[in-house]
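> I would like the atomic coordinates for the input below:
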Amino acid sequence: MVRFRPSHPAAAHWACAYFFATCGVAYGTVMSRIPAIKGEVGLNEAELGSALLCLGLGALTAFAGAGWAQTRIGSRPVLIFGGLAQLLAFPLVGLAENLWSLALAFYVLGLFNGTTEAAMGTQAILVERAAGRPRLSSLHALYSFGGLIGSLGGALLAGFTPLTHFCLVAVPALCPLPFAALRLLPDTPEPAREKRGFRAPPLPLLLLGFMALCCYAAEGTVGDWGALLLHQFKGASDRTAALAYAAFSATMAVCRLFGDRLRATYGDYALMRRLAVVATSGILLALFSPWAAASLAGYALMGAGQSVIVPIVFSAVGRTSGMSTGSAVAVASAMGFGGLLLAPPLIGILAQAVGLDKALWVVVALYACLIGGARLVRKN
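Coordinates of the predicted model:
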């Protein structure tokens with residue numbers, strides 16, 4: 001049985017917030033320099049997409065290992081290891097000199113990022129239980145603020161090489177880690193249970209997981225390809241293009257701060273449909289506008305539209321019958337994170353065939369699925 005110390009929920013909340021924020025910083029930093037990395041290594045869209053695919057493969061590999069480790073030693077040591085390794089690993093991307101070394105660097109980064117994500121989710125649940133009130137929305141907001149900081153850093157430090165830039169970010173980000181590690185909540189791993197064979201997740205859970213996949217896939221696409229769209233099709237400079245994910249992250253982070261209030265006012269079903277329409281309007285503006293500034297506004301609308309959808313979906317996941325809450329959340333998280341990491345490389349492969357501006361119509365289709373599936377959160 002999981003144990004926690006309810007006497008220190010505030011300290012544990014900020015410790016967990018540090019790991020959410022640094023995850024966002026690392027991701028936003030690397031993705032803001034994708035155009036520079038692409039140019040330094042000399043890759044086309046398909047090759048870059050293949051390298052990014054290794055990022056997803058590394059993370060998906062980590063999910064099984066991190067889950068196994070948490071059942072034996074708990075989430076706290078797994079999170080400390082993953083958070084430390086991730087910050088040490090992401091500068092390796094700047095050392096890549098060819099496709100194979102970049103693919104390896106992305107795989108290692110994905111491996112440690114997935115480990116951190118898995119343990120971070122467990123700690124967030126412990127924090128929420130200890131506090132006795134919702135905390136997940138604010139923690140996800142800090143992840144978004146971390147991505148914003150990383151993207152803004154990409155714009156400010158665009159004159160440095162990616163390696164120098166990444167090291168300038170990693171070193172100060174590592175400094176608070178020992179203090180945060182001491183404040184994480186301890187948990188006692190559950191004893192091994194007798195194997196009862198594979199049990200397929202219920203259909204409502206799979207549908208909710210697919211909705212999470214749609215959200216994360218759209219976010220990953222903006223992070224990986226948003227800057228390149230501005231640079232190649234809107235005539236934006238590297239410095240301006242690096243603001244693509246920043247615009248998305250800024251509105252997402254701010255709106256997540258008010259997510260609980262919005263849900264109480266409008267209800268999950270109505271709010272999700274409205275937000276999905278806002279997000280769809282954003283991607284259409286980014287694609288059709290000939291001006292970089294208007295496309296940045298489109299990315300901002302996408303961030304606002306997506307902001308509260310993921311908390312709504314996972315709230316519905318927690319009410320799904322036919323599977324324990326922990327198992328249900330794990331299934332939906334794996335599907336969502338898989339979309340975040342695997343969709344952008346597939347977009348790159350498609351972009352090589354039809355062009356990046358046409359490939360990004362996939363995001364419009366993802367948002368259409370969210371509009372159509374919003375009724376499920378009410379029924380569930």
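
> only C-alpha atoms for contact and neighbour calcs from this point on.
Fine.

> Which residue ranges make up each domain of the chain?
1-187, 201-380 (automatic domain parsing).

> Make TSV from those and add mean neighbour count to it.
Output for the domains of the chain, formatted as TSV (neighbours: other C-alpha atoms under 10 Å):
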stretch	mean neighbour count
domain 1-187	21
domain 201-380	21
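
> could those go into CSV alongside mean pLDDT?
Output for the domains of the chain, formatted as CSV (pLDDT from 0 to 100):
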stretch, mean pLDDT
domain 1-187, 84
domain 201-380, 85
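
> Isn't residue 277 up against residue 305?
Yes - at 7.3 Å, residue 277 counts as touching residue 305 under the criterion of C-alpha atoms under 8 Å.

> Helices along the stretch 1-150 of the chain, start to end?
Counting by DSSP state H, counting those that start in this stretch, the stretch 1-150 of the chain has helices at residues 9-32, 34-41, 45-73, 75-89, 99-131, 136-156.

> which one of those helices lies closest to residue 331?
helix 45-73 (10.7 Å; C-alpha to C-alpha).

> The closest one packs against which elements?
In terms of contacts (3 or more C-alpha pairs under 8 Å, 6 or more residues apart in numbering; DSSP states H and E), helix 45-73 is packed against helix 75-89, helix 99-131, helix 325-354.

> give the contact list for residue 378.
268-269 (C-alpha atoms under 8 Å, 6 or more residues apart in numbering).

> redo that, cut-off 6 Å
residue 269 (C-alpha atoms under 6 Å, 6 or more residues apart in numbering).

> Please give the element, helix or strand, for it.
According to DSSP states H and E, residue 378 maps onto helix 375-379.

> got the CA coordinates for that helix in PDB?
The C-alpha trace of helix 375-379 is given here as PDB (Å, rounded to 0.1, in the frame of the first residue of the first chain):
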ATOM      1  CA  ARG A 375     -19.700  13.500 -25.400                       C
ATOM      2  CA  LEU A 376     -17.800  10.600 -23.900                       C
ATOM      3  CA  VAL A 377     -16.500  12.600 -21.000                       C
ATOM      4  CA  ARG A 378     -20.200  13.400 -20.100                       C
ATOM      5  CA  LYS A 379     -21.400   9.800 -20.400                       C
END
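
> how far does it sit from the chain's center?
Its chain's C-alpha centre and that of helix 375-379 lie 24 Å apart, by C-alpha atoms, centre = their mean, to the nearest Å.

> likewise stretch 168-176?
Centre-to-centre, stretch 168-176 and its host chain are 20 Å apart (C-alpha atoms, centre = their mean).

> contact partners of it?
residue 87.

> now swap in stretch 83-91 and tell me
Contacts of stretch 83-91 (C-alpha under 6 Å, 6+ apart): 109, 112-113, 116, 163, 166-167, 170.

> which pair in those spans the largest distance?
116 and 163 (22.3 Å).

> Hmm, residue 46 and residue 349 touching each other?
Yes - contact criterion C-alpha atoms under 6 Å: residue 349 and residue 46 qualify, at 4.6 Å.

> ok, the closest residue to residue 343 other than its chain neighbours - contacts?
The shortest distance from residue 343 to any non-neighbouring residue, by C-alpha to C-alpha, 6 or more residues apart in numbering, is to residue 217 (5.3 Å). Going by C-alpha under 6 Å, 6+ apart, residue 217 touches 339-340, 343.

> For these, give me a markdown table that also has distance to residue 331.
Putting the contacts of residue 217 into a markdown table (distance: C-alpha to C-alpha, whole Å) gives the following:
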| residue | distance to residue 331 |
| --- | --- |
| 339 | 13 |
| 340 | 14 |
| 343 | 18 |
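
> which SS class is residue 290?
Recorded secondary structure, residue 290: coil (DSSP: H, G, I helix; E, B strand; the rest coil).

> For it, give me phi and psi.
phi -80, psi -10 (degrees, to the nearest 10).

> which residues does it contact?
residue 234.

> how near is it to residue 278?
Residue 290 is 20 Å from residue 278, where distance means C-alpha to C-alpha, to the nearest Å.

> Can you pull out the residues in contact with stretch 127-142?
Contacts for stretch 127-142 (C-alpha under 6 Å, 6+ apart): 6, 9, 13, 17, 21, 253, 256-257.

> Distance from the chain centre to that stretch, please.
Per C-alpha atoms, centre = their mean, the centroid offset for stretch 127-142 relative to its chain is 17 Å.

> Do me a favour and get the end-to-end distance for it?
15 Å.

> Then stretch 152-164?
For stretch 152-164, the first-to-last residue distance is 16 Å (C-alpha to C-alpha).

> what residues does that stretch touch?
Counting by C-alpha under 6 Å, 6+ apart, 29, 32, 91, 94, 239, 242 sit against stretch 152-164.

> and residue 79, what is it in contact with?
Residue 79 makes contact with 116, 119 under the criterion C-alpha under 6 Å, 6+ apart.

> how close does it get to residue 53?
For residue 79, the distance to residue 53 - C-alpha to C-alpha - is 24 Å.

> go on, residue 80?
Applying C-alpha to C-alpha, the value for residue 80 to residue 53 is 26 Å.

> again with residue 304
Distance of residue 304 to residue 53, given as C-alpha to C-alpha: 27 Å.

> next one: residue 302
23 Å.

> Equivalent analysis for residue 185, please.
34 Å.

> Which residue is the nearest non-sequential neighbour of residue 239?
residue 155 (4.7 Å).

> and which of the contacts of stretch 152-164 is nearest residue 248?
For the contacts of stretch 152-164, the minimum distance to residue 248 (C-alpha to C-alpha) is 11.3 Å, reached by residue 242.
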